[in-house]
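Peer 1: sequence unknown, structure follows:
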């Protein structure tokens, strides 16, 4: 039995979970999420918990068991508490400003880079912090993570000086520069 899959998912009081066939809808104070879970998985909902079960022990169903439980738990946590992904912008002259639902980055290119935030994701910018901090906030874990990866791809960290956009707390192993003539 999957160690993750057999754990029940706790449902907070302010979250509504509805299952219709293979579609699960989760509504909470932060938003609403829907997902078509695999038809081979069974969901049992009690008053304050949800249990995912599988019909047999084939390799594919064992793999889907833990995945299904994790994705449903992430949906419930997202609509009740939300997700936050912190990023740092490191480099002289690198900056970001918010214009509505668009982030405008100055990243050492000859032009400013505009990044439109999708629906369901917002950004908080801490201009006073060094290095500059950007926090992405949303209720869909996958969407917040994908937006963070797309922003990091605008200027990935340099291997020699460490300049660029990185996740908060990310440690880089910097390469040594040229040794020069002796």
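Peer 2: In hand now; what should we look at? Bear in mind that the values here come from a model prediction, so they are computed numbers and not experimental data.

Peer 1: Where do the helices of the protein begin and end?
Peer 2: 59-80, 141-152 (DSSP state H).

Peer 1: In a markdown table: those helices, plus distance to residue 175.
Peer 2: Heads up, the C-betas are built off the backbone N, CA and C, glycines and all. Converted to a markdown table, the helices of the chain look like this (distance: least, CB to CB, whole Å):
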| stretch | distance to residue 175 |
| --- | --- |
| helix 59-80 | 36 |
| helix 141-152 | 19 |
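
Peer 1: contacting residues for residue 126?
Peer 2: Contacts for residue 126 were tallied using CB atoms under 8 Å, 6 or more residues apart in numbering; they are 132-135.

Peer 1: Which strand residues bridge residue 89?
Peer 2: When bridges are assigned using DSSP bridges, the partners listed for residue 89 are residue 132, residue 165.

Peer 1: What is the neighbour count of it?
Peer 2: Close neighbours of residue 89, defined as other CB atoms under 10 Å, add up to 23.

Peer 1: Same question for residue 63.
Peer 2: By other CB under 10 Å, the residues close to residue 63 number 14.

Peer 1: pLDDT score for it?
Peer 2: According to the prediction, residue 63 has pLDDT 88.

Peer 1: And residue 2, by the same measure?
Peer 2: We note a pLDDT of 64 for residue 2 in this prediction.

Peer 1: What of the one 3 residues further on?
Peer 2: Looking at residue 5, its pLDDT stands at 84.

Peer 1: And residue 127, by the same measure?
Peer 2: 85.

Peer 1: who touches it in this structure?
Peer 2: The neighbours of residue 127, taking CB under 8 Å, 6+ apart as the test, are residue 95.

Peer 1: Understood, closing this out.
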